[in-house]
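>>> return atomic coordinates for the entry below.
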Amino acid sequence: MAARLTQLQDAIDYQFKNIALLEQAVTHRSHNAKHNERLEFLGDSVLNFIVASLLYKQFDRIDEGDLSRLRANLVKQATLAEIAQRLALSDFLRLGEGELKSGGFRRPSILSDALEAVFGAVYLDGGFEAASYVVGRQYEPILLTVDPKTLGKDPKTLLQEMLQGRRLELPLYLVVATHGAAHSQVFDVECRIDKLDIVVQASGSSRRAAEQAAALQAIELVEAIEPTKTGRTARRARH
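Sure thing, here's the model as predicted:
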């Protein structure tokens, strides 16, 4: 197990002095009694503080309320699960037989909890400076794309709010195809907004990632449609 975890250490760019901490961090309670829930508890607090500090430094004109909402969007389960997928964390999870059979290695709750546990393990192994580096490295590409005007809301949320503001029905997402092995699937998702005759497709390493990519395309098309032409303008994009 320790040898396999070398790849995970390379991915987070941190080498553990006590590899047992990382082993525990990737161990689900279904696997054995020494699982990652206590590390997850610690990592959650470490993560929240570090992300708050990063936001405080980067956005000096945002007030406390908006900073809190922005942080909430950046540390929520869906965001953590996407980071975990980027790290291929599912390849290192230690799950019980039942969770393995039910596809627990793809479950966002398990992935996000394990990532928080990894952050907690780094904190215990290397201290706050090490944890700040590891968390900051994972959030750097995310923070580069954050629009403070949207408070870090993801494309699906923004599209929903946009359509609700126009009193239109919510979009429909449909998985049209999947490719690859179970542990490394690629999902093709279609997003439809029938009232505007918008149909877009996008791919991602998870259903949610594909939906987010499709929603981003749909947002661009909705914004291109003049409100007065909503009922009679049709646009299609397929990728």
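>>> longest helix of this protein?
Counting residues, the longest helix found in the chain (DSSP state H) is helix 108-145.
>>> for that helix, buried residues please.
By 16 or more other C-beta atoms under 10 Å, the buried positions in helix 108-145 come out as 108, 110-126, 130-135, 138-139, 143. Bear in mind the C-beta positions are built from the backbone N, C-alpha and C, glycine included.
>>> that one: what's the following helix or strand?
Following helix 108-145 in sequence order, the next helix or strand is helix 155-165 (DSSP states H and E).
>>> for the next helix or strand after that next one, which strands pair with it and how are they oriented?
Sequence order places strand 172-179 as the next helix or strand after helix 155-165, per DSSP H and E. According to DSSP bridges, strand 172-179 forms sheet pairs with strand 186-193 (antiparallel).
>>> pLDDT on the following helix or strand past the strand it pairs with, on average?
From strand 186-193 onward toward the C-terminus, using DSSP H and E, the following helix or strand is strand 198-204. The average of the pLDDT scores along strand 198-204 is 93.
>>> could you list every helix and strand that strand 198-204 packs against?
Here strand 198-204 touches strand 186-193, helix 207-224, going by 3 or more C-beta pairs under 8 Å, 6 or more residues apart in numbering; DSSP states H and E.
>>> and these, which one is worst for confidence?
helix 207-224 (a mean of 89).
>>> now find how far off-centre that one is within its chain.
How far helix 207-224 lies from its chain's middle: 16 Å, per C-alpha atoms, centre = their mean, to the nearest Å.
>>> from here on, call the first residue 696.
OK, 696 is where the count begins now, so the last one is helix 902-919.
>>> relative to strand 867-874, how tilted is that helix?
Angle of helix 902-919 versus strand 867-874, following axes from the mean of the first three to the mean of the last three C-alpha atoms, to 10 degrees, is 130 degrees.
>>> and for helix 902-919, what's in contact with it?
Under the criterion C-beta atoms under 8 Å, 6 or more residues apart in numbering, residues 773, 776-777, 780, 803, 849-851, 853-854, 857-858, 861, 866, 868, 870, 882-886, 888, 891, 893, 895-899, 930, 932, 934 lie in contact with helix 902-919.
>>> so for stretch 818-828, mean pLDDT?
For stretch 818-828, the mean pLDDT works out to 98.
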